[in-house]
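>>> following is a predicted model, sequence given first.
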Amino acid sequence: MNFRNLRALAAMTTLPLLAACATPYEQCVSFANRDVYQIRQEVRHHRANISRGYAVHRQSVPYTVAKDCVNDEGTTYRCDEVLYHTVETPVAIDVAAEERKLSRLLQDMPGIERDAAQEIRGCKAQFPEG
């Protein structure tokens with residue numbers, strides 16, 4: 001998944017949550033900072049991979065737990081519940097490629113932070129009450 005797809009996914013999943021409890025100004029600022037948050041997350045991800053020397057693939061694996069349930073008439077019956085646990089698997093990486101990705105992200109960061117600051121100034125103009 002590329003950066004733009006991740007950014008769009010992050011915006012789609014976080015904005016409804018923010019709308020529930022944040023002021024319009026806070027929503028505006030959070031949206032303005034979306035790219036900064038995403039880049040910082042990716043920087044942490046690549047630094048961790050480089051530090052470890054490998055990536056970690058996380059997969060959610062289902063398993064079934066047998067349960068007893070009771071219906072409206074009081075009859076007990078078996079009702080299995082599907083739960084999930086996360087399995088982490090080390091994945092080989094090209095450390096040099098990870099370092100190049102990290103370098104590009106760090107080079108892009110100042111411009112993205114400037115853009116976010118400009119958007120935040122717009123938020124302040126649009127919502128002066130904060």
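Yep, that arrived. Residues are numbered from 1 along each chain as shown.

>>> which other helices and strands contact the longest helix along the chain?
The longest helix of the chain (DSSP state H) is helix 95-126. Judged by 3 or more C-beta pairs under 8 Å, 6 or more residues apart in numbering; DSSP states H and E, helix 95-126 is in contact with helix 24-32, helix 34-52. Every C-beta, even on glycine, is put in place using the N, C-alpha and C of the backbone.

>>> that one: which residues count as buried?
Glu98, Lys101, Leu102, Leu105, Ile112, Ala116, Glu119, Ile120, Cys123 (16 or more other C-beta atoms under 10 Å).

>>> and which of those residues is nearest Tyr63?
Nearest to Tyr63 among these: Glu98, at 32.8 Å, using C-beta to C-beta.

>>> my read: the closest one touches Ser51, true?
No: when contacts are counted by C-beta atoms under 8 Å, Glu98 is not listed as touching Ser51 (10.0 Å).

>>> could you dump the buried residues of helix 95-126 to TSV with distance to Val61?
As requested, these are exported to TSV (distance: C-beta to C-beta, whole Å):
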residue	distance to Val61
Glu98	26
Lys101	28
Leu102	30
Leu105	31
Ile112	36
Ala116	38
Glu119	40
Ile120	41
Cys123	42
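
>>> need the max-distance pair from the residues you listed.
Longest span within these, C-beta to C-beta: Glu98 and Cys123, 34.5 Å.

>>> quick revisit: could I get the average pLDDT for the longest helix of the chain?
Mean pLDDT, helix 95-126: 96.

>>> how far off centre is it?
Mean-position distance between helix 95-126 and its chain equals 17 Å (C-alpha atoms, centre = their mean, to the nearest Å).

>>> same question, stretch 50-68
17 Å.

>>> show residues contacting that stretch.
Contacting residues not belonging to stretch 50-68 are listed as 49, 76-93, 95, 98-99, 102 [C-beta atoms under 8 Å, 6 or more residues apart in numbering].

>>> sounds good, over and out.
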